[in-house]
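Enquirer: got a structure for you, letters missing:
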């Protein structure tokens, strides 16, 4: 046919996989079908809920409460597919709240103890999404979710471990949870995951350690003593730009302590961080410059920063046009005695 020169088709044509008739058919199977029909319908709803617009329309049309009912103990495949549908629905901010209101958190936490891998995984995935919401962080903790998620950090399945670490990463943003996760001995278990071969596991583990260490000097010490420094520096050298940024942020979060600065320097952290300054990823540069700003507070690190040519790179970043990056670079230069 002829080439159309006009704008592409209006978004309705492509924006949504939502078909009201198909949705109602699936919901009637969720309500009244046998176990196989319920599981099949929930799996179809999980696929439908991959689409952002459908997430809204499905919730508006009453998907959440019937799916939450399917989380009750019974057929684990029904539970798993219902949790999978809620996992995708919980990508939407309003739905995070509505799913908790429907009473899904307690049964999802119970599913973390399931013998069936699919049930564990979809419950952990749903909780990872739900824990982004501030009030859900408290509800999950009150339901015993922290203990169950810590248990899953040692699971054989890397996908389950990734979701558990991701949920704990979000939970640790809450100060009470931060203390509880630390007191239950999670730090060494999370540190072990930094050496996983799965980037999602490594990323969530680094993020979790970061959130546990922020504003808590004891946790900063515990992270370093758990052996996290060497694998974090390894990620700075070998990870994707996003993973490098997360690892550098975690190094930054523990570098407030002088004893940790010594450990970071001895593990080869300084050249690794300086190398990040010349990358193209602003987030990675910002986190690296923040860590460097902390490390340069100790006089014993300064000769190595001079040896690695950090000063010239930091001077270039003064005109980066990114406020946090410029502030970190200026602070590091000031610590290095450049005014």
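Expert: Looks like it arrived, so ask away. Because the structure is predicted, anything quoted here is derived from the model rather than measured.

Enquirer: Please make it C-alpha for all contacts and neighbour counts, starting now.
Expert: Will do.

Enquirer: ok, for residue 315, nearest residue in space, not its chain neighbours?
Expert: Among residues not flanking residue 315 along the chain, residue 329 sits closest, at 7.2 Å (CA to CA, 6 or more residues apart in numbering).

Enquirer: Report the separation between residue 53 and residue 44.
Expert: 16 Å (CA to CA, to the nearest Å).

Enquirer: hmm, back to that, pLDDT of the helix or strand hosting the residue nearest to residue 315, averaged?
Expert: With elements delineated by DSSP states H and E, residue 329 resides in helix 323-335, which encompasses its position. Over the span of helix 323-335, the pLDDT mean works out to 96.

Enquirer: Offset the numbering so it begins at 268, please.
Expert: Done: numbering now begins at 268, and the last item shifts to helix 590-602.

Enquirer: Which strands or helices does it pack on?
Expert: Using 3 or more CA pairs under 8 Å, 6 or more residues apart in numbering; DSSP states H and E as the contact criterion, the elements in contact with helix 590-602 are helix 549-562, helix 577-584.

Enquirer: For the stretch 318-467 of the chain, which segments are assigned as helices?
Expert: Secondary structure of the stretch 318-467 of the chain, counting by DSSP state H, counting those that start in this stretch: helices at 319-327, 331-336, 343-356, 360-368, 372-378, 384-397, 401-409, 412-419, 425-438, 442-450, 453-460, 466-480.

Enquirer: Mean neighbour count and mean pLDDT for those - can I get that in CSV?
Expert: Formatted as CSV, the entries for the helices of the stretch 318-467 of the chain read as follows, by neighbours: other CA atoms under 10 Å; pLDDT from 0 to 100:
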stretch, mean neighbour count, mean pLDDT
helix 319-327, 18, 95
helix 331-336, 20, 98
helix 343-356, 28, 97
helix 360-368, 18, 97
helix 372-378, 23, 98
helix 384-397, 27, 97
helix 401-409, 18, 97
helix 412-419, 22, 98
helix 425-438, 27, 97
helix 442-450, 17, 97
helix 453-460, 22, 98
helix 466-480, 27, 98
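
Enquirer: Identify all contacting residues around stretch 306-322.
Expert: By CA atoms under 8 Å, 6 or more residues apart in numbering, the list of residues contacting stretch 306-322 from outside reads 282-285, 290, 293-294, 296-297, 325, 334, 344-346, 348-349, 351-356, 358-359, 362.

Enquirer: show me the contacts for the residue sitting nearest the centre point of the chain.
Expert: Averaging the C-alpha coordinates of the chain gives a centre point, and the residue nearest to it by CA atoms, centre = their mean is residue 433 (4.2 Å). Taking CA under 8 Å, 6+ apart as the contact definition, residue 433 lies against 395, 471, 472, 474, 475.

Enquirer: and stretch 519-537, how far from the chain's centre?
Expert: For stretch 519-537, the distance between its averaged C-alpha position and the chain's averaged C-alpha position is 24 Å (CA atoms, centre = their mean, to the nearest Å).

Enquirer: That one spans what distance, first to last residue?
Expert: One end of stretch 519-537 to the other measures 12 Å (CA to CA).

Enquirer: buried set for stretch 575-588?
Expert: Within stretch 575-588, the residues that count as buried by 16 or more other CA atoms under 10 Å are 575, 577, 578, 580, 581, 582, 584, 585.

Enquirer: tell me the pLDDT at the third one?
Expert: Just to be clear, that refers to residue 578. Per-residue confidence for residue 578 comes out at a pLDDT of 95.

Enquirer: That one and residue 569 touch, don't they?
Expert: No. Using CA atoms under 8 Å as the test, residue 578 is too far from residue 569 to be in contact (10.3 Å).

Enquirer: any idea how far residue 323 is from residue 480?
Expert: For residue 323, the distance to residue 480 - CA to CA - is 36 Å.

Enquirer: contacting residues around the residue nearest to residue 360 when sequence neighbours are not counted?
Expert: By the measure of CA to CA, 6+ apart, the closest residue to residue 360 outside its immediate chain neighbours is residue 400, 7.7 Å from it. With contacts defined as CA under 8 Å, 6+ apart, residue 400 is in contact with 360, 363, 364.

Enquirer: thought the last one was touching residue 403?
Expert: Looking back up the chat, that one is residue 364. Yes. At 7.5 Å, residue 364 and residue 403 qualify as touching, with contact defined as CA under 8 Å.

Enquirer: Find the residues that touch each one of these two.
Expert: Shared contacts of residue 364 and residue 403, counting by CA under 8 Å, 6+ apart, come down to residue 397.

Enquirer: Show the contacting residues for the closest residue to residue 475 other than its chain neighbours.
Expert: Nearest residue to residue 475, sequence neighbours excluded (CA to CA, 6+ apart): residue 436, at 3.9 Å. The neighbourhood of residue 436, defined by CA under 8 Å, 6+ apart, consists of 471, 472, 474, 475, 476, 478.

Enquirer: what about the spatially closest residue to residue 535 that is not a sequence neighbour, which SS state?
Expert: Leaving aside its chain neighbours, residue 535 sits nearest to residue 500 (7.4 Å; criterion: CA to CA, 6+ apart). What DSSP: H, G, I helix; E, B strand; the rest coil gives for residue 500 is helix.

Enquirer: count of neighbours near residue 500?
Expert: By the criterion of other CA atoms under 10 Å, residue 500 has 24 neighbours.
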